[in-house]
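K.L.:
I would like the atomic coordinates for the input below:
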Amino acid sequence: MPEGTQVNVFDLNAMNVIDDTVATRREAALALGRINDPQGYEALIEALFDPHQEVWHGARTALCQIGGREVEAELRDFQPRGFAAFAVKEKLRKLLTRS
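P.N.:
Reported below is the predicted structural model:
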């Protein structure tokens, strides 16, 4: 990364610039869950669509930790493919802003 480049710490896609390993992106998602800062919610929702199962599973775990049973129920059978997966985004946004 070029010197002086700023990265939004809540942007998991930016992790590709810093370190493109799947394990690092997964751990970043889990860390956002532990931090539980609303600025990180959107990054976690987007991480549900990461091409690597380990990353979207980490994001799912973090979102369930943040949002409790309602979010867990919404994501119970989540798979990041198909039209239904995109419908989940809006539901999660609504649930997390109520939390």
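
K.L.:
next SSE downstream of the helix or strand of the chain with the lowest mean pLDDT?
P.N.:
Scoring the helices and strands of the chain by mean pLDDT, DSSP states H and E places helix 15-18 at the bottom, with a mean of 50. With elements assigned by DSSP states H and E, the helix or strand that comes after helix 15-18 is helix 22-35.

K.L.:
next, the buried residues of that following helix.
P.N.:
By 16 or more other CB atoms under 10 Å, the buried positions in helix 22-35 come out as 25-30, 32-33. Using the backbone N, CA and C atoms, a C-beta is placed for each residue, glycine as well.

K.L.:
SS state for the residue nearest the centre of the chain?
P.N.:
Nearest to the geometric centre of the chain sits L44, at 1.7 Å (CA atoms, centre = their mean). Under the three-state scheme (DSSP: H, G, I helix; E, B strand; the rest coil), L44 adopts helix.

K.L.:
now the closest residue to it other than its chain neighbours: which helix or strand?
P.N.:
Among residues not flanking L44 along the chain, A59 sits closest, at 4.8 Å (CB to CB, 6 or more residues apart in numbering). Using DSSP H and E, A59 maps to helix 53-75.

K.L.:
so what touches that helix?
P.N.:
Helix 53-75 is contacted by residues 12, 22-23, 25-30, 32-34, 36, 41, 44-45, 47-50, 78, 80, 88, 91-92, 95-96, 99 when judged by CB atoms under 8 Å, 6 or more residues apart in numbering.

K.L.:
cutoff 7 Å now
P.N.:
Identification of contacts with helix 53-75 by CB atoms under 7 Å, 6 or more residues apart in numbering yields 22, 25-26, 29-30, 32-33, 36, 44, 47-50, 78, 80, 88, 91-92, 95-96, 99.

K.L.:
how much space separates L92 from A23?
P.N.:
Taking CB to CB, to the nearest Å as the measure, L92 falls 24 Å from A23.

K.L.:
what of I66?
P.N.:
For I66 relative to A23 (CB to CB), the value is 21 Å.

K.L.:
for burial, what's the neighbour tally of the residue lying closest to A23 once chain neighbours are set aside?
P.N.:
Closest residue to A23 apart from its sequence neighbours, by CB to CB, 6+ apart: E54 at 7.1 Å. Residues lying near E54 (other CB atoms under 10 Å) number 15.
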